[in-house]
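J.: Attaching a predicted model along with its sequence, questions to come.
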Amino acid sequence: MDPQEIMQRVITEDGIKQEFEQTLSSRVERYLKVKPHGIVPLTKFASVSAECALLFRDGHYYGSVALSQAVAEAIAKFLCAKNGWTPDKSFEKNVEKLETRQFISKTLREKFLSLWQKRDDYHHLNPTIETDRQKLETLAYEKILLLKEIESEVFAFSFVDGKLVPECRKYWALQEDGTVPVFLKLE
């Protein structure tokens, strides 16, 4: 590396360290407010779901709103498929059908739809999206909590004799030996 590259690296590293030190306390507070549902089935969207809380923790509110909505959509499609039908392209239709067929409660349907509110605005970055940082933080917080509540209900489990026992077994990839692959969202 030439001296200019070395200097740029040192300056960048120092800037990142300073930012981290200055924001550490608020990041910890935000994370503790939205600590995710800790154990979920190992699905394609499990790691993405974990990122929602990390985005919020780090103050990336637009990203946490949009990503939590994307995860909600993935969960709805997952539920449709696991319950025996091809998901519709419409999120709302999928959620309505899940409730009508009694795979989710009315309360859970309302949580899905509340999380989905203004999805197109954030997905397309329409001029109507919130720009006030405090209001945006509140919105992101609400969306992340809704996602946590949805995952907590859909992927509910208990422990019996030290073993994880899923409430709705078909949503977990139970193995022949009785084990289940999981994704841990534990900090």
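T.: Perfect, I can see it now. Numbering: from 1, shown residues only.
J.: Quick one: residues contacting K170.
T.: Going by C-beta atoms under 8 Å, 6 or more residues apart in numbering, K170 touches 82-83. Glycine gets a C-beta too; all of them are placed from N, C-alpha and C.
J.: Tell me, what's the model's pLDDT at it?
T.: At K170, the model reports a pLDDT of 93.
J.: next one: the one 5 residues further on
T.: In this prediction, Q175 carries a pLDDT score of 87.
J.: center of the protein, which residue is that?
T.: For the chain, the residue nearest the mean C-alpha position is S49 (3.2 Å; C-alpha atoms, centre = their mean).
J.: Please report phi then psi for the closest residue to it other than its chain neighbours.
T.: Excluding its sequence neighbours, the residue lying closest to S49 (C-beta to C-beta, 6 or more residues apart in numbering) is V71, at 4.7 Å. For V71, the backbone dihedrals (degrees, to the nearest 10) come out as phi -70, psi -40.
J.: Just the element for the closest residue to V34 other than its chain neighbours, please.
T.: Leaving out its chain neighbours, the residue that sits closest to V34 by C-beta to C-beta, 6+ apart is I144, at 4.5 Å. Element membership for I144, per DSSP states H and E: helix 133-154.
J.: hmm, who's touching the helix or strand that that helix is followed by?
T.: Moving toward the C-terminus from helix 133-154, the next helix or strand (DSSP H and E) is strand 157-160. Applying C-beta under 8 Å, 6+ apart, the contact partners of strand 157-160 are 39, 164-167, 172.
J.: got the buried residues for the helix or strand that strand 157-160 is followed by?
T.: On the C-terminal side of strand 157-160, the nearest following helix or strand under DSSP H and E is strand 163-166. Neighbour counts over strand 163-166 (16 or more other C-beta atoms under 10 Å) mark P166 as buried.
J.: State the mean pLDDT of strand 163-166.
T.: 88.
J.: top helix in this protein by residue count?
T.: Secondary structure of the chain read by DSSP state H shows that its longest helix is helix 3-33.
J.: Next SSE downstream of that helix?
T.: strand 39-41.
J.: Give me the contacts around that next one.
T.: 46, 49, 151, 155, 157, 164, 166, 171-173, 180-186.
J.: 10 Å instead?
T.: Contacts with strand 39-41, where a contact means C-beta atoms under 10 Å, 6 or more residues apart in numbering, come from 46-47, 49-50, 75, 78, 82, 151-152, 154-155, 157, 159, 164, 166, 171-174, 180-186.
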